[in-house]
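Participant: Have a look at this fold, sequence not included:
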């Protein structure tokens, strides 16, 4: 029996004892409500949950402030109503939805020991995680294409990526995430969960929930893995092609200063994309082949997959972007002058 299973058994027994001791009479029951799951957190590190929650909370606050700032700045400054910044706003919205759908519930688990989560809330969280991460991948691709057009064909950039074209791309990315993962909660809702109700994770991860079902889940697993693999591999392939073409064009720029500036911008963007896809690939491979990977490592990487991109995106795409940085600094100077 694995460490996670041992700890699950202990938690389930303690929950059963707590319920049986808090009720009296013949109607006593030691079973968890059939409409409720119990989130376990990080197996073996329960005594550190309160401390683990501190950096998670800091990252969440930075993600909120950073992404809201980007949205506010782009909305206020008409000169920023360009394809790059409009795609950046779409990415910021997905980051806000992704972090808000996971972090508050995770912090309640860490700090308040609120383990119970209803099946409907669990499936809703799972749906948001999968659909929004698919959208985030699509917006990374859209931003890579925008950078490719801006660097490789700058004279036609404004005519190719018009506002209507940007709106259509954004709608297609959102529709793809919504439609392809819509069957997830429907398929999982129909499964009987007659084993343990304890999810050995910090949030309602798909594979962690599927393992609790007591009938064959092959079709559900195959559908989920196929959709995630196709979306992730296609987006990753076209992003890689875009940046290869961008690098080829950058090295042929006449000015060395312009080349270094473009390389610095593309390098930071590639780092964020690599963090997003590397953690996703690690999580996928762990489910398929990493049976010897400890649950602590797997859950930690899975959390980084959800936490780090919303935290890094405002820093890389916002602070490192001169127009957004200058607007924020000028706004702060005006506020300070008004206060003084």
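Facilitator: Arrived safely. Everything numeric here is computed off the predicted structure, so don't read it as measured data.

Participant: Outside of the helix or strand residue 329 falls within itself, list whatever touches it.
Facilitator: Per DSSP states H and E, residue 329 falls inside helix 322-339. Helix 322-339 is contacted by residues 69-70, 73-74, 76-77, 79-80, 85, 318-319 when judged by CB atoms under 8 Å, 6 or more residues apart in numbering. The C-beta positions use only the backbone N, C-alpha and C, and glycine is treated the same way.

Participant: How about residue 242, nearest residue that isn't a chain neighbour?
Facilitator: Residue nearest to residue 242 in three dimensions, not counting chain neighbours: residue 144, with 4.0 Å by CB to CB, 6 or more residues apart in numbering.

Participant: Torsion angles phi and psi at the one you found?
Facilitator: phi -70, psi -40 (degrees, to the nearest 10).

Participant: before we move on, back to that, next one: the helix holding residue 329 to chain centre, how far?
Facilitator: Offset of helix 322-339 from its chain centre (CA atoms, centre = their mean, to the nearest Å): 30 Å.

Participant: go on, stretch 136-153?
Facilitator: Relative to the chain's own centre, stretch 136-153 is displaced by 20 Å; criterion: CA atoms, centre = their mean.

Participant: just checking, residue 85 touches residue 75?
Facilitator: No. With contact defined as CB atoms under 8 Å, residue 85 does not reach residue 75; the gap is 10.1 Å.

Participant: Looking at these two, which is more packed in?
Facilitator: residue 85 (21 against 11; other CB atoms under 10 Å).

Participant: Helices of this protein, start to end?
Facilitator: Using DSSP state H, the helices of the chain run over 3-21, 49-76, 83-112, 119-152, 157-160, 163-180, 183-189, 206-210, 218-250, 256-288, 295-313, 322-339.

Participant: JSON lines for those, including mean pLDDT and distance to residue 38?
Facilitator: Formatted as JSON lines, the helices of the chain follow (pLDDT from 0 to 100; distance: least, CB to CB, whole Å):
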{"stretch": "helix 3-21", "mean pLDDT": "46", "distance to residue 38": "7"}
{"stretch": "helix 49-76", "mean pLDDT": "93", "distance to residue 38": "14"}
{"stretch": "helix 83-112", "mean pLDDT": "93", "distance to residue 38": "10"}
{"stretch": "helix 119-152", "mean pLDDT": "92", "distance to residue 38": "10"}
{"stretch": "helix 157-160", "mean pLDDT": "90", "distance to residue 38": "52"}
{"stretch": "helix 163-180", "mean pLDDT": "95", "distance to residue 38": "29"}
{"stretch": "helix 183-189", "mean pLDDT": "88", "distance to residue 38": "17"}
{"stretch": "helix 206-210", "mean pLDDT": "87", "distance to residue 38": "12"}
{"stretch": "helix 218-250", "mean pLDDT": "90", "distance to residue 38": "21"}
{"stretch": "helix 256-288", "mean pLDDT": "79", "distance to residue 38": "21"}
{"stretch": "helix 295-313", "mean pLDDT": "88", "distance to residue 38": "15"}
{"stretch": "helix 322-339", "mean pLDDT": "77", "distance to residue 38": "43"}
